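Student: Next comes the sequence, and after it the predicted model I'd like to discuss.
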Amino acid sequence: MIAILFAAALVDPTAQVEALAWMAGSWAQTRGETTVRETWLPPLDGAMAGASQTNRPGRTPSIEHMTITITPQGAAFTAYPPGQAPTVFLLRPSAVGEAVFENPEHDFPQRVIYRRCGADLCARIEGAIEGETRQVEWRYIRLP
């Protein structure tokens, strides 16, 4: 039986954010000549702050900021992509060691998912584009 992290017993949004402490740290993935780094601060008073940097040869690095905070609808992941409006994804019931954030009204992605993969941090975005399901995945290793 898979334990559900955010069952009825754990409805306090601050506790939901605190339960995501396993995401904290600096992480990196290198595929070919592309390096993606992601860093999350540990939860403090119901909030986490994160940043992602993607470096590709011959291109300006892309930097995105993210937060996990408490909103009136519950715990939420907010992405601040460069040159775009922030997008909020609400935390959904998830297994221990997994966080599923969803915004079905967003163009792409509609879901942002983090989970522990052993010692690594796996991340995935998914959703539909013109009726086709798409996904992008990362497997980050912890940086020293």
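Tutor: Right, received. Where do you want to start? Numbers count the residues shown, from 1 in each chain.
Student: L121: neighbour count?
Tutor: 23 (other Cβ atoms under 10 Å). The C-beta positions use only the backbone N, C-alpha and C, and glycine is treated the same way.
Student: let's have the chain start at 37 instead
Tutor: In the new numbering, first residue 37, that becomes L157.
Student: Verify the stated contact: it with E173.
Tutor: No. If you go by Cβ atoms under 8 Å, L157 and E173 don't touch, sitting 11.6 Å apart.
Student: Check which helices and strands the helix or strand of the chain with the lowest mean pLDDT sits against.
Tutor: In the chain, no helix or strand scores lower on mean pLDDT, DSSP states H and E than helix 49-54, which sits at a mean of 94. Counting contacts by 3 or more Cβ pairs under 8 Å, 6 or more residues apart in numbering; DSSP states H and E, helix 49-54 packs against strand 98-107, strand 110-116.
Student: What lies in contact with the shortest one?
Tutor: When you say that, I think you mean strand 110-116. Strand 110-116 is contacted from outside by 49, 52-53, 82, 100-106, 122-127, 135, 137, 148, using Cβ atoms under 8 Å, 6 or more residues apart in numbering.
Student: returning to what we had before: flag every buried residue along the helix or strand just after the least confident helix or strand of the chain.
Tutor: Reading on from helix 49-54 to the C-terminus, the next helix or strand found by DSSP states H and E is strand 61-67. Residues W63, A64, Q65 are the ones in strand 61-67 that count as buried (16 or more other Cβ atoms under 10 Å).
Student: Noted, bye for now.
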